[in-house]
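J.: any chance you can model this:
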Amino acid sequence: MITSAQALTVGVLGAGSWGTALAILIARNGYAVELWDYHKEHIESIGRNRENVRYIPGLALPPNLGANADLASLVSAADRFLVVVPSHAFRSTLESMAVHCDPTRKLLISWGTKGFDPQRRMLLSEVASEVFPTADLAAISGPSFATEVAQGLPTALTVASPDERTADTVAAWLRSDRVRVYTSRDLAGVQLGGAIKNVMALAAGISDGLGFGANARAALITRGLAEMNRLGAALGGNPRTFMGLTGVGDLVLTCTDDQSRNRRAGIGLGQGRGLQEVLEDIGQEVEGIKTVRELYAMAGRAGVDMPITEQVYKVVYEHLSAGQAVKRLLSREPKSE
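T.: The predicted model follows:
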């Protein structure tokens, strides 16, 4: 039986692997879903083939999941949205939505994007508040690979919002007998964990690309968690958040499994391959590449010591060799943990 809440349309913006997986999950839970993407040919292909051939091939879309190439019609048809575009496109996507929105409507804006605003080095919640100052806001995060979610494999997620009812609403879109969803009021901490873990996955991949083994990987994950905690505390996150799904959970997943694009990019860099070649091989957005630039700047602005982040930044943007970056980390002055 479809409830009155489920009869309302959820607009999902961004038809990459994660956006499509979340759209499939929400549709399976009985909600009407409209999936949109900037790339008209891509979204038209999804509608025509009833599957995302490019990112999640072989998985049929539920009948209540539509593909919509017209942003204006999507915005007019829904007042609940899930934005799953790359972080560098987050602001422009919201601004494009705002053009078509009736300013008197009460909207719910949620997002599964993990990263920062590259223009002003802000949390995505701050961007959303600027563009939609009266909207209810929520972020979705946690240790989750898109393909496994789309395949219906067991997964746990967290929905964060300063408003408990908003978090509960978005959690209901996602919760099923295969997906356990927790809620949190720590919107800042959940976003920081989801963004920082991508940088640490680059570091773990670089280490593995250099052939340094499991000991080094474990050390990087542990010290990466320490960096996450330090910056998180400086920017208002709850330390408990970083010990949960969106902190250590997502960190371990992304640093240890080759489904992670960030880890695979790091492996390529550790093997001495050029960044552009690595990104072309992966063929999808690698959020950690942009995030490390913003994270390095944010850490400097906050006066927080993040040596792993600093060395990844130098490998990606200052052409420091991966071997030299590791040498710098190991030669740091000894101190207590």
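
J.: what about residue 197, how many neighbours?
T.: Counted by other Cβ atoms under 10 Å, the residues lying close to residue 197 total 34. (C-beta placed from N, C-alpha, C; glycine too.)

J.: surely it and residue 251 touch.
T.: Yes. Residue 197 is within contact range of residue 251, at 4.3 Å (criterion: Cβ atoms under 8 Å).

J.: between the two, which contacts overlap?
T.: Counting by Cβ atoms under 8 Å, 6 or more residues apart in numbering, the common neighbours of residue 197 and residue 251 are 224, 228.

J.: could you look up the SS state of the residue most central in space within the chain?
T.: Compute the mean C-alpha point of the chain, and by Cα atoms, centre = their mean the closest residue is residue 114, 2.7 Å away. Recorded secondary structure, residue 114: coil (DSSP: H, G, I helix; E, B strand; the rest coil).

J.: phi and psi next, for it.
T.: Per-residue torsions, residue 114: phi -120, psi 110 (degrees, to the nearest 10).

J.: got the contact list for it?
T.: Contacts here follow Cβ under 8 Å, 6+ apart; on that basis residue 114 touches 87, 141, 191, 194-195, 197-198, 287, 291.

J.: ditto for residue 277
T.: Per Cβ under 8 Å, 6+ apart, neighbours of residue 277: residue 268.

J.: list the buried ones in the strand or helix carrying it?
T.: Element membership for residue 277, per DSSP states H and E: helix 275-282. Across helix 275-282, burial judged by 16 or more other Cβ atoms under 10 Å covers 275, 278-279.

J.: quick one: which of the residues you listed is nearest to residue 68?
T.: Closest to residue 68 out of the buried residues of helix 275-282 is residue 279 (28.9 Å), distances taken as Cβ to Cβ.

J.: for the closest one, which non-adjacent residue is closest in space?
T.: Using Cβ to Cβ, 6 or more residues apart in numbering and skipping residues adjacent in sequence, the residue nearest residue 279 is residue 286, 6.1 Å away.

J.: and that neighbour, what's its pLDDT?
T.: Note on residue 286: pLDDT of 97.

J.: next structured bit after the helix or strand containing residue 27?
T.: Per DSSP H and E: residue 27 is located in helix 17-28. As assigned by DSSP H and E, the chain's next helix or strand after helix 17-28 is strand 32-36.

J.: sheet partners, orientation included, of that following strand?
T.: Applying DSSP bridges, strand 32-36 is found paired with strand 9-13 (parallel), strand 65-68 (parallel).

J.: got the CA coordinates for that strand in CSV?
T.: Extracted C-alpha coordinates of strand 32-36, given in CSV (Å, rounded to 0.1, in the frame of the first residue of the first chain):
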residue,chain,number,x,y,z
ALA,A,32,7.6,8.2,-7.2
VAL,A,33,11.1,9.2,-8.3
GLU,A,34,12.2,11.5,-11.2
LEU,A,35,15.9,11.3,-12.1
TRP,A,36,17.6,14.2,-13.8
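
J.: if we can go back for a sec, out of the contacts of residue 114, which are buried?
T.: Buried members of the contacts of residue 114, scored by 16+ other Cβ under 10 Å, are 87, 141, 191, 194-195, 197-198, 287, 291.

J.: ok, and the closest non-adjacent residue to residue 139?
T.: Nearest non-adjacent residue to residue 139, counting by Cβ to Cβ, 6+ apart: residue 160, 4.9 Å away.

J.: run through the bridge partners of the one you found.
T.: residue 139, residue 184.

J.: and the strands in the chain, which stretches?
T.: 9-13, 32-36, 65-68, 80-83, 108-111, 116-117, 122-123, 136-141, 155-160, 179-184 (DSSP state E).

J.: a markdown table for those, including distance to residue 43 and mean pLDDT?
T.: Conversion of those to a markdown table gives the following (distance: least, Cβ to Cβ, whole Å; pLDDT from 0 to 100):
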| stretch | distance to residue 43 | mean pLDDT |
| --- | --- | --- |
| strand 9-13 | 11 | 97 |
| strand 32-36 | 6 | 97 |
| strand 65-68 | 5 | 96 |
| strand 80-83 | 15 | 98 |
| strand 108-111 | 19 | 98 |
| strand 116-117 | 25 | 97 |
| strand 122-123 | 28 | 96 |
| strand 136-141 | 21 | 98 |
| strand 155-160 | 25 | 98 |
| strand 179-184 | 25 | 98 |
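
J.: do you know which of those strands lies nearest residue 47?
T.: Going by Cβ to Cβ, the one of these nearest residue 47 is strand 65-68, 3.4 Å.

J.: from the rest of the structure, what touches the closest one?
T.: Residues from elsewhere that reach strand 65-68 (Cβ under 8 Å, 6+ apart): 11, 15, 23-24, 27, 32-36, 43-44, 46-47, 61, 74.

J.: quick check: the farthest pair among the residues you listed?
T.: Greatest spatial distance in the contacts of strand 65-68: 32 and 44, 19.7 Å, computed using Cβ to Cβ.

J.: residues touching residue 236, list them.
T.: Going by Cβ under 8 Å, 6+ apart, residue 236 touches 188-189.

J.: number of residues surrounding residue 285?
T.: Neighbour count of residue 285, defined by other Cβ under 10 Å: 22.

J.: for residue 17, see how far away it is.
T.: Using Cβ to Cβ, to the nearest Å, residue 285 is found at 10 Å from residue 17.
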